[in-house]
Every structure is written in structure tokens, then in C-alpha cells.
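Colleague: any chance you could fold what I've pasted below:
(one chain, ligands or ions: 2)
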Amino acid sequence: MAIREIIILPDKQLRLVSKPIEKVTAQVRKLADDMLETMYDAPGIGLAAIQVAEPLRLITMDLSKKEGEEKAPRVFINPEILSVSEELSVYEEGCLSIPEYYEEVERPASVRFRYMDLDGKMREEEASDLFATCIQHEIDHLNGVLFVDYLSKLKRDRVLKKFTKAAKRVG
Ligand code: GNR
Ligand code: NI
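Modeller: Ligands and ions are numbered 1, 2, ... in the order given. Now for the predicted structure:
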């Protein structure tokens, strides 16, 4: 396993539409392992492959509570939302590619989705609460969408500008 570098705003790769994975190869398993290690190290509760500059439809997640609780690593390949609840819920979201910025986002409170697991098996699952928020946040990454896209233009422009300026300072 290896920790990979997480790309941050204004890196244009974050706007790429990631490609479906055709087959679970050793390389895909290696990427999933590296992403889990990178996610735990960050630390974050979810990670999309594009955040480590791999434009593939692969997501890792672990929603287990901080201390004491066992790790619960999850890997979702080519995830697709099948249906969403009418009910909405608001969560304060953050993103490892937009460090130290948090804002409330409203999304469907639960979603039904389909994905392929690491054994190449198609599976269907229902997500609610933080799981629903996180899977939607990660699937957005696969489509080049960031949570700041749901904020007002004023807030979005402010955060984009802040990160563009910071990038210029470092060179
Ligand atoms: O670590 C993360 N926490 C989080 C909190 C609320 C809503 C979504 C997330 S995902 C984020 C990690 C990340 O950037 N995944 O793409
Ligand atoms: Ni994110």
C-alpha cells in the first residue's frame, strides 16, 4: 500500500468526468488499497479516485466512528444512483480537495444505488444519513462536480479565489 498525493483546488483535473472500470484487475485493487490508506491518513471518510489524479469511477469510504470502533473500509466501483428520496437533509460538508472549508449542503436524505464490488459482482444498496450524503458527494467527484457547486455564486467564487491565490503564492 502507498499513500498518494491528494490534489486540491484549483487543479483542473477535479473537473474531469472519470471513466468506468471495465474489469477488476490487480491494478484496480492496488489503486483501491492506496486510496483507503490515503483516506485514513488524511483523514477523511470518503475518497474518489480523481482526488489522487486517477480519472476512474472508483470510490473508497469508511463511516465507522473515530476511536475504538473497528474499521469498515468500503470500495464502490462504477457507482450509479438509481433513485433518490423526496425528503432532503442538510449536512455540513467538507472535501479533502478543498481543505479547511466547510459549508452546509442540502441533498436527498436517502438514495438507492448500484455498484460493482472488488469481486466484480454487481450490488445494490440503500444509503441514508451521512452515508447518503457521502455517496452523493463522491459520485459527484466522478462527474467533475464539487460540493461548492451547490453554494451561492458569491460563496463559490470566494472559495475558488482563495485557493487560486494560495496556489500562486506557493508557485
Ligand atoms: O472526509 C470527508 N468528509 C465529508 C463530510 C461531509 C460530507 C462529505 C464528506 S467527504 C470528505 C472526503 C472527501 O473529500 N471526499 O471526496
Ligand atoms: Ni470530496
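Colleague: C-alpha from now on. contacts and neighbour counts both.
Modeller: Noted.
Colleague: apart from its neighbours in sequence, what residue is nearest the residue nearest in space to the middle of the chain?
Modeller: In the chain, the C-alpha nearest the mean C-alpha coordinate belongs to Glu138, at 2.9 Å (Cα atoms, centre = their mean). In space, and not counting its chain neighbours, Glu138 is closest to Ala48: 5.7 Å by Cα to Cα, 6 or more residues apart in numbering.
Colleague: do Ile3 as well
Modeller: Thr38 (4.7 Å).
Colleague: what's the answer for Met122, then?
Modeller: Closest residue to Met122 apart from its sequence neighbours, by Cα to Cα, 6+ apart: Met116 at 4.4 Å.
Colleague: the one you found: neighbour count?
Modeller: If you count neighbours by other Cα atoms under 10 Å, Met116 ends up with 20.
Colleague: quick one on the thing from earlier: for the helix or strand hosting the residue nearest to Ile3, what is the average pLDDT?
Modeller: Per DSSP states H and E, Thr38 falls inside helix 26-41. The average pLDDT within helix 26-41 is 98.
Colleague: mind listing what the residue nearest to Met122 touches?
Modeller: Counting by Cα atoms under 8 Å, 6 or more residues apart in numbering, Met116 makes contact with Phe76, Ile77, Asn78, Pro79, Met122, Arg123.
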